[in-house]
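Structure for this input, please:
(one chain, ligands or ions: 1)
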Amino acid sequence: MKYISTRGQTVPKSFNQALMAGLADDGGLLLPQNYPQVDAITLHEWRSLSYAELAMQIISLFATDIPKADLQAIINKTYSAEVFGHAEITPLRILHDGICIEALSNGPTLAFKDMAMQLLGNLFEYVLERENRYLNIIGATSGDTGSAAEYALRGKERVNVFMLSPFGKMSDFQRAQMYSLQDSNIFNIAIKGMFDDCQDIVKALQNDHAFKAHYHLSTVNSINWGRIVAQVVYYFKGYFAATNSNEQKVSFCVPSGNFGNVLAGHIARSMGLPIHRLLVATNENDVLNEFFNTGHYRPRDAAHTFVTSSPSMDISKASNFERFVYDLLDHDGEQIQQLWQQVASGQGFDLSHLMDKIQHQYGFAAGKSTHADRMQTIAQVYAEDNQLIDPHTADGVKVARQLREAGEIIICLETAQAAKFAQTIHEAVGNSVEIPRPDNLAGLEDLPQHVTVMDNDTAAVKQFVEAQLGE
Ligand SMILES: *Cc1c(COP(=O)(O)O)cnc(C)c1O
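Sure, this is the predicted structure:
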């Protein structure tokens, strides 16, 4: 299997090369030349597999340059009950009205990013060892991505992680989760500024070519192909858990921001998984909701991006969206290049003439959820089903209930646990309600924290990295 760019200007790469490259050299995103097709017999055989077995079957179709025994070992180590706190890895439950919830949030940081990042960490370790290389990851986070990356890479020998976060802007839980790590390869840097300032520093260091080359700088952002492929697995797993025959179809409802999660659903559907519809749920930052209802893509700038109570979806430029549009435009790299030039210049684009294809051939629909909807849904699920769902998952449940057709089986993806967002949950159900949390995280906020606070100053961050790495 070879990987090409959505902008059509790169030589085909192997899986390992795609994994280490992140972005394609022509500024596009990497994609397999075609999606492997799963026939009825194979789908039947896969129904009875464990999560790790299923992951092996699916990922080995894409990672064709890793010997099978090695890949199996990496997958077994990643998708275990110890790491994900549950033998089924992504257990499914059903609300009283028949809406299914598939938990993707049982990993070390209680959010779905662990599903892919844990695999990526182990794949990085393997490839670096095999190629005798070293990497320094530098990233910026407002919460979930940074902690998932740190928990995936902590203690790995050939990788250091420098993670910038805005000083004083994360929840107590998120802060404790990141800063309590004591591993010598993890460096937390709190910048006296906003998330955008952190991101600007990371970009400046990535564009400092001499510095980047000398220190082997890299990133682990959401456009990495390795993350997408890992996410395809739980669409198959959820489908098997919610049905008892491959004659049935299901729909998935996905709380979305960067379009990474639901893109994996689009790939699963393209491979032949019997998915009826893919329901994209957004919060007040509704760029994707607008596109899937009108065909107009109008990304907003930072000044027009709202801060909401489902913060991991506060995104107005969906970085993985380009991969879907590439399929929608029948792999026309030149047109993609033009459209994304328009996006870069602050305009969007109009594909309203393709609405029929978007909704019927590709099965997409979308809805939006606001703070009031979120509060109401969290309170409703607590009252009717006696369980707490996190604010992002609540956006999904709200949209699923709004768009559901008669007889439609909908699986809502649970992208985080309520424990991560205690303040919002208490606002919805009252302060007296106790929010459950995994035993191993009791007292997390009381552990000693390990962080370097710095001014919003690129030169100072650069000096800090140099001082830690030597030379
Ligand atoms: C990242 C994240 C999302 C959004 O996922 P995308 O792949 O960016 O669409 C939703 N919910 C939670 C809790 C997240 O961490």
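
Which positions in the stretch 1-150 of the chain make contact with the ligand?
Contact residues (Cβ under 6 Å from any ligand atom) of the stretch 1-150 of the chain with the ligand: 111-113, 144. The C-beta positions use only the backbone N, C-alpha and C, and glycine is treated the same way.

at 5 Å what do you get?
Counting by Cβ under 5 Å from any ligand atom, the stretch 1-150 of the chain comes close to the ligand at 111, 144.

same question, the stretch 201-350 of the chain
Residues of the stretch 201-350 of the chain lying near the ligand (Cβ under 5 Å from any ligand atom): 255-258, 260-261, 312.

try 6 Å
Looking at the ligand, the residues of the stretch 201-350 of the chain close enough under Cβ under 6 Å from any ligand atom are 222, 255-261, 312-313.

shaky segments in the chain?
471 (pLDDT under 70).

follow-up on the earlier one: narrow the residues of the stretch 201-350 of the chain next to the ligand to those in helices?
Counted as lying in helices by DSSP state H, out of those, are 260-261.

Adding neighbour count and distance to residue 39 as columns, could you present the residues of the stretch 201-350 of the chain next to the ligand in CSV?
Putting these into CSV (neighbours: other Cβ atoms under 10 Å; distance: Cβ to Cβ, whole Å) gives the following:
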residue, neighbour count, distance to residue 39
222, 21, 31
255, 30, 31
256, 33, 30
257, 27, 34
258, 20, 32
259, 25, 28
260, 24, 27
261, 27, 26
312, 24, 36
313, 22, 36
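
farthest pair in the residues of the stretch 201-350 of the chain next to the ligand?
The span of these, defined through Cβ to Cβ, is set by 222 and 255 at 14.0 Å.

host element of residue 449?
In this structure, residue 449 sits in neither a helix nor a strand according to DSSP states H and E.

mind listing what the nearest residue to it once chain neighbours are set aside touches?
Using Cβ to Cβ, 6 or more residues apart in numbering and skipping the chain neighbours, the partner closest in space to residue 449 is residue 179 (3.7 Å). Neighbour list for residue 179: 188, 449-451 [criterion: Cβ atoms under 8 Å, 6 or more residues apart in numbering].

Of those residues, which is the most crowded?
Neighbour count (other Cβ atoms under 10 Å) singles out residue 188 as the most crowded of those, with 23 neighbours.

Which residues are in contact with that one?
Taking Cβ under 8 Å, 6+ apart as the test, what residue 188 contacts is 150, 163, 165, 178-179, 181, 450-452.

Would you double-check that residue 273 falls in a strand?
No: going by DSSP: H, G, I helix; E, B strand; the rest coil, the assignment for residue 273 is coil, not a strand.

now it: how far from the ligand?
From residue 273 across to the ligand, the span is 18 Å (Cβ to the nearest ligand atom, to the nearest Å).

Surely that residue and residue 239 touch.
Yes: assessed by Cβ atoms under 8 Å, residue 273 is found in contact with residue 239 at 5.8 Å.

Just want to know which of the two has more residues nearby.
residue 239 (25 against 22).

wait, isn't the more buried one in contact with residue 275?
Yes: contact criterion Cβ under 8 Å: residue 239 and residue 275 qualify, at 7.3 Å.

Find residues that contact each of those two.
Joint contacts of residue 239 and residue 275 (Cβ under 8 Å, 6+ apart) are 250, 268.

what residues are up against the most centrally placed residue in the chain?
The chain has residue 113 as the residue nearest its centroid, 4.8 Å off, counting by Cα atoms, centre = their mean. Residues near residue 113 by Cβ under 8 Å, 6+ apart: 107, 144-145, 148.

how near is it to residue 445?
Separation of residue 113 from residue 445 (Cβ to Cβ, to the nearest Å): 21 Å.

what's the neighbour count on the nearest residue to residue 38 once chain neighbours are set aside?
What sits nearest to residue 38 in space, not counting adjacent residues and going by Cβ to Cβ, 6+ apart, is residue 272, at 4.4 Å. When neighbours are counted by other Cβ under 10 Å, residue 272 registers 15.

OK, contacts around residue 272?
37-39, 43.

tell me which of those residues is nearest to the ligand?
Nearest to the ligand among the contacts of residue 272: residue 38, at 22.9 Å, using Cβ to the nearest ligand atom.

There's contact between residue 133 and residue 158 in this structure, I believe.
Yes: if you go by Cβ under 8 Å, residue 133 and residue 158 touch, sitting 6.7 Å apart.

Please say which of the two ends up with more neighbours.
residue 158 (18 against 13).

how about the closest residue to the more buried one other than its chain neighbours, secondary structure?
Of all residues not flanking residue 158 in the chain, residue 128 sits nearest, at 4.1 Å (Cβ to Cβ, 6+ apart). Per three-state DSSP, the local secondary structure of residue 128 is helix.

Mind listing what's buried along stretch 360-371?
362-371 (16 or more other Cβ atoms under 10 Å).

Likewise for stretch 416-428?
Those would be 416-422, 424-425, 427-428, for stretch 416-428 by 16+ other Cβ under 10 Å.

Tell me which of these fall in strands.
Counting by DSSP state E, none of the members of the buried residues of stretch 416-428 fall within strands.

Which members of these occur in helices, if any?
422, 424-425, 427-428.

Going by distance to the ligand, which of the residues you listed wins?
Distances from the ligand to those, taken by Cβ to the nearest ligand atom, are shortest for residue 424, at 11.9 Å.

The closest one contacts residue 309, doesn't it?
Yes: the criterion here is Cβ under 8 Å, and residue 424 meets it with residue 309 at 4.6 Å.

so what's in contact with these two at the same time?
374, 391.

Mind putting the contacts of residue 272 into JSON lines with neighbour count and secondary structure?
Shown next, in JSON lines, are the contacts of residue 272 (neighbours: other Cβ atoms under 10 Å; DSSP: H, G, I helix; E, B strand; the rest coil):
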{"residue": "37", "neighbour count": "10", "secondary structure": "coil"}
{"residue": "38", "neighbour count": "18", "secondary structure": "coil"}
{"residue": "39", "neighbour count": "8", "secondary structure": "coil"}
{"residue": "43", "neighbour count": "17", "secondary structure": "helix"}
